[in-house]
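Undergrad: starting from these lines, generate the structure:
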Amino acid sequence: MDPIQEAIAEIESREPGDEFSYQAIAKKYGVPRTTLMRRHKGKNEAYGVRKLSLHPEHEAELVRYIKTLTERRLPPTRTMVQQFASELAGKPVSKTWVSRFLRRHPNHLISRSGKAMAKERTKADSGAK
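TA: Model prediction:
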């Protein structure tokens with residue numbers, strides 16, 4: 001059995017109202033005190049996942065959506081990505097979140113700024129000129 005599960009079993013085997021120390025039980029089983037407390041109180045979701053603006057599954061969905069738009073030759077701007085993420089998160093995300101998001105997915109999302117055409121090429125491209 002997992003040491004955390006054993007520690008939780010010991011806590012739950014006590015009578016209601018009995019005093020106990022998470023620190024002492026965590027030390028006895030060699031598990032982190034905070035992890036033991038969160039698991040005992042029923043917060044099974046990973047600690048870091050709760051802190052994220054978007055759940056990793058939502059981020060994956062956003063990456064797929066951006067790829068689809070890019071394949072259609074409509075790459076979204078940073079503002080558009082920020083709005084999409086805010087919709088998925090249900091709360092506003094910051095501009096710096098978009099930068100961090102792009103850095104987290106460098107293999108999937110390639111952002112390049114286009115170069116301006118030379119004046120001569122622009123003239124040559126237009127039949128009327």
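Undergrad: do you know how far V98 is from A9?
TA: 45 Å (CB to CB, to the nearest Å). The C-beta positions use only the backbone N, C-alpha and C, and glycine is treated the same way.
Undergrad: same check, this time on S53
TA: 35 Å.
Undergrad: count of neighbours near the spatially closest residue to K67 that is not a sequence neighbour?
TA: Nearest residue to K67 in three dimensions, chain neighbours excluded: H108, at 6.8 Å (CB to CB, 6 or more residues apart in numbering). H108: 12 surrounding residues under other CB atoms under 10 Å.
Undergrad: state the distance from H108 to L36.
TA: 37 Å.
Undergrad: which of V98 and A9 has more neighbours?
TA: A direct count of neighbours by other CB under 10 Å for V98 and A9 places V98 higher, at 19 against 10.
Undergrad: quick one: contacts for the more buried one?
TA: R78, V81, Q82, A85 (CB atoms under 8 Å, 6 or more residues apart in numbering).
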